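**Q** make a model of this:
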Amino acid sequence: CSISQKLLSGFQWICSLAAHSRIREKRAWIIDSFDIEEESPGPFPYLLGKIELDRKYLVNFRLHGSGVDKEPIGVLEIDPNTGEVRVKKKVDFESFQLLNLVFEATNVSNNQVDTRLGVEIKILDINDHPPVFNKQLYEVTLDESAAQGQSVMTVTATDADDFQTPNGTFSFRIASVTPKTDNVEFFLEPSEASLTGRIYFRGCLDYEKAEKYTILVEAKDHGEKVRLSSTSTVIVNIKDRNNHLPVITGQTGPGKIKERQSGVEVLRLQVTDADSPGSEAWKAKYMIHGDKENYFKIETDPKTNEGVLTVLKAMDYEEQTSRNVSISVANEVPYFSCEVTGRPTKRLWDVKVFNEGPGASLPNYPKLYPVTIAVEDVNDPPEFVPPVRKESIMENTKSGTHLCTLKAVDPDKTFASTFHFTKGEDVDNWIKVDPKTGDVTTAKVFDRESPFMKNGSYSVVLYVLDNGEPPMTGTGTLIIQVGDENDNEPRLEVSALGMCLSDEASMTNITAVDLDLPPFSGPFTYELLGDVKGKWRIDPTHGTTVNLVKENTVFSGVHELQIIVSDNQGRSQTQNLSITVCDCTSTPDCMVRRSSSANVGNAAVGIIIMALLLLLAILLMAILMSCKQQKKIIVMDDGPGWRLLESNIETPGTDCKVPVQATHVESVQTTKTPTIFVGKYHEDLNQDAMTTNYQQVIHDSTFQKEQMLRRSLRRINGGYSIYSTEDYLLRQNLLTQMNMRLIRLQAPGEELGDYEPHCYAYEGEPMIDPQLDALSLPENDFHPDILSNLDHRFNKLASICRPDLMS
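**A** Have a look, this model is predicted:
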């Protein structure tokens, strides 16, 4: 049995028995060559073929593998008795190109496998898949200035059919271009792999002719029976570039400005540009020519693309009545141009291209647009001549001295020139200015050492006003340089020094200063006054800073020296110099020790003052408390508990009686043993105002005074002392005077409020005034019975005030 397993025309398994006349044929079976065409329309199932086996016993046939019990499951089936193979459904070549199966023949009698062979069934491809693009829509953006021959886009497609057959191969072509323009043409070139195609263009892109191109690309296979195809869309967006030059078409605005104005818009320039509005190719950029002084600036309005001309520096009508400049305009991006000159039958056309850049510019470009700005005359402020004036004068010159005469001019030619002069800033009021003539005189005696002087000069701001319409003001400065005189004496920088106690002579520096300038100041001459021989000396005696020498005979303590300091011109002044000498081993700085002592003394004085104020407050409180008198309460039998004070008596209203005091002032001398010397201070009092009723009060007050005097004693250094006897006497005298005034007020006939009543009118005799209308009042008699009907509160009040009626 020999089997051939793979044939080029298909797959066929042959089992044959070699037929020979002398050899007996045992068994033979043949499987015809099988092919299944993909996507067969049926009807299903249909007979694919029959397997025949020559044998003397019965066998059953079975198939296993792809197409039966493996993917794709259920495509094939075999009749186990007859061996017929049938196709039950479609098969896709793109999924399965070959079905591998196993054929088995089983002996029916013993159920043993008699024959097992492999079977391959080929799936025949048909053209059932068109080429497919990887994207249905391509989109790209090209600059308008892109050069021809540049790649626009690469498209890619695939075909699911067998690429080794015409069904799986394809080609590209441009089916259509929208819109069609005469300036550009798109073409497609396939790549080597033939799965991609590149799109190019020839000619010149023009945004104004077409902002977008839509290209339809077709991919078509090479099928023999039928050719399948598909399409994809390529959108090419054109980005506008500067292929149109801006042109100035006119201007709007006043075209004039008033002199001395700045920061004002004077005109606007209109421009046209065929490029896309809002793009960089459309935005204008202006430039000013012929303005060397930079009077103007021009900016672009981002909304309208207009050029806005603004005045930066003020112009003077008297210098120029108008100003001529030129304006040019360009775009923000460089200019380019492209022009088709020929369309030969070759890959690219003939074009003429220009790109603006370094070394490449258009002839006669940019074009200049002339602009004239008129200047209007207005009233100019007057000007001081010179604007800053300097004058010199000696200090201590008498007030009212003429200093200078101010001069001003008016730059205007058509306005009035009458001036009014006045002061502006004169911080110390040094000068006076005549408003009509401009004469400047001194208002006070100048002092070169004034704090308002700066670097030997005093500045005054001056104003001058004209009578134009509107009035204008000019500003000037007067600098007064004050000459120096010897009007200041030299002074010591410090008036107190500290020196250490030593066995040898020691020294310290002393320095003098003089507000005057040389030669009216230092170097100075120093001279000591008083009994200083063998104690103090100055070495040297001439100079700005000299040495004060302390001899070893000077003991510790505070020493007051007098020194005469003279300047170069002999102007001198005697000054006091306090020297504190101390033992520096315990106190390194003598001035610190002296300052501490001074601080303690000040604190003690403060304590004494506070104690005196406290004592005065206690005395006043004692007097006020002695003036209190308890009020008697009228006890009411019933009612809400109100009380009335008994005051319906004709006696003086003052219930505070201050007794006359014969003040005794004691003085105390400080000793080791407390000894008090008491002296009496007598004041002549008005004996008419004193009565015998006050003698006891005087005694009590004197006793209280002595007690407070004793409490004011303080123990100091083992003795007793009063803070200040003079202050105490003064305070007691003041209290005595106050008591006398109060006593006079309590004297009969002299108390405040106890005076004869003044008669203004008499009851029952009304005054007749002819200017007043007579009033007629009805007579209403008072009936005492009304009092019996009053409230209980008014009954109590009536019983007190009018007991005769209530009875």
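**Q** sheet-wise, list the partners of the helix or strand where Gln562 lies with their directions.
**A** Following DSSP states H and E, the helix or strand that holds Gln562 is strand 557-566. Strand pairing for strand 557-566, using DSSP bridges, gives strand 524-529 (antiparallel), strand 572-582 (antiparallel).
**Q** what residues sit buried inside the longest one?
**A** It stands for strand 572-582. Buried residues in strand 572-582, defined by neighbour count with 16 or more other Cβ atoms under 10 Å: 572, 575, 577, 579-582. Using the backbone N, CA and C atoms, a C-beta is placed for each residue, glycine as well.
**Q** point out where the stretch 351-500 of the chain drops to low pLDDT.
**A** Segments of the stretch 351-500 of the chain classed as low confidence (criterion: pLDDT under 70) are 413-416.
**Q** can you give me the strands in it?
**A** In the stretch 351-500 of the chain, the segments counted as strands under DSSP state E, counting those that start in this stretch are 369-376, 383-384, 388-394, 402-405, 408-409, 419-423, 431-433, 439-442, 457-466, 473-483, 491-492, 496-500.
**Q** can you tell me what sits against the longest one?
**A** Residues lying outside strand 473-483 but in contact with it, judged by Cβ atoms under 8 Å, 6 or more residues apart in numbering, are 381-384, 386-395, 403-404, 406, 408, 424, 430-431, 440, 446-448, 453, 456-465.
**Q** buried ones among these?
**A** Judged by neighbour count, with 16+ other Cβ under 10 Å as the criterion, the buried members of the contacts of strand 473-483 are 381-384, 389, 393, 395, 403-404, 406, 408, 430-431, 440, 446-448, 453, 458, 460, 462-465.
**Q** any idea where the helices of this structure begin and end?
**A** Taking DSSP state H as the test, the helices found in the chain are 590-626, 695-711, 725-746, 792-801, 803-806.
**Q** so for the third one, mean pLDDT?
**A** In this case it means helix 725-746. For helix 725-746, the mean pLDDT works out to 77.
**Q** shift numbering so it begins at 557
**A** In the new numbering, first residue 557, that becomes helix 1281-1302.
**Q** and that helix, what's buried?
**A** Neighbour-count burial for helix 1281-1302 flags 1284-1285, 1287-1288, 1291-1292, 1295-1296, 1298-1299, 1301-1302 (criterion: 16+ other Cβ under 10 Å).
**Q** quick check: the gap between the residue lying closest to Lys765 once chain neighbours are set aside and Asn798.
**A** Distances taken as Cβ to Cβ, 6 or more residues apart in numbering put Thr737 closest to Lys765, at 5.0 Å, once the chain neighbours are dropped. Applying Cβ to Cβ, to the nearest Å, one obtains 20 Å for the distance of Thr737 from Asn798.
**Q** who has more neighbours, the two?
**A** In terms of neighbours (other Cβ atoms under 10 Å), Asn798 is the more surrounded of Thr737 and Asn798; the figures are 24 against 14.
**Q** the more buried one contacts Pro890, doesn't it?
**A** Yes: applying Cβ atoms under 8 Å as the test, Asn798 and Pro890 come out as touching, 6.5 Å apart.
**Q** pull the CA atoms of stretch 1283-1294 into PDB?
**A** Listed in PDB are the C-alpha atoms of stretch 1283-1294, where the atom choice follows Å, rounded to 0.1, in the frame of the first residue of the first chain:
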ATOM      1  CA  ASP A1283       6.200 124.500 102.500                       C
ATOM      2  CA  TYR A1284       4.300 123.600 105.600                       C
ATOM      3  CA  LEU A1285       4.000 127.200 106.800                       C
ATOM      4  CA  LEU A1286       2.800 128.200 103.300                       C
ATOM      5  CA  ARG A1287       0.100 125.500 103.300                       C
ATOM      6  CA  GLN A1288      -1.100 126.400 106.800                       C
ATOM      7  CA  ASN A1289      -1.300 130.000 105.800                       C
ATOM      8  CA  LEU A1290      -3.400 129.000 102.800                       C
ATOM      9  CA  LEU A1291      -5.800 127.000 105.000                       C
ATOM     10  CA  THR A1292      -6.100 129.900 107.400                       C
ATOM     11  CA  GLN A1293      -7.200 132.200 104.700                       C
ATOM     12  CA  MET A1294      -9.700 129.700 103.400                       C
END
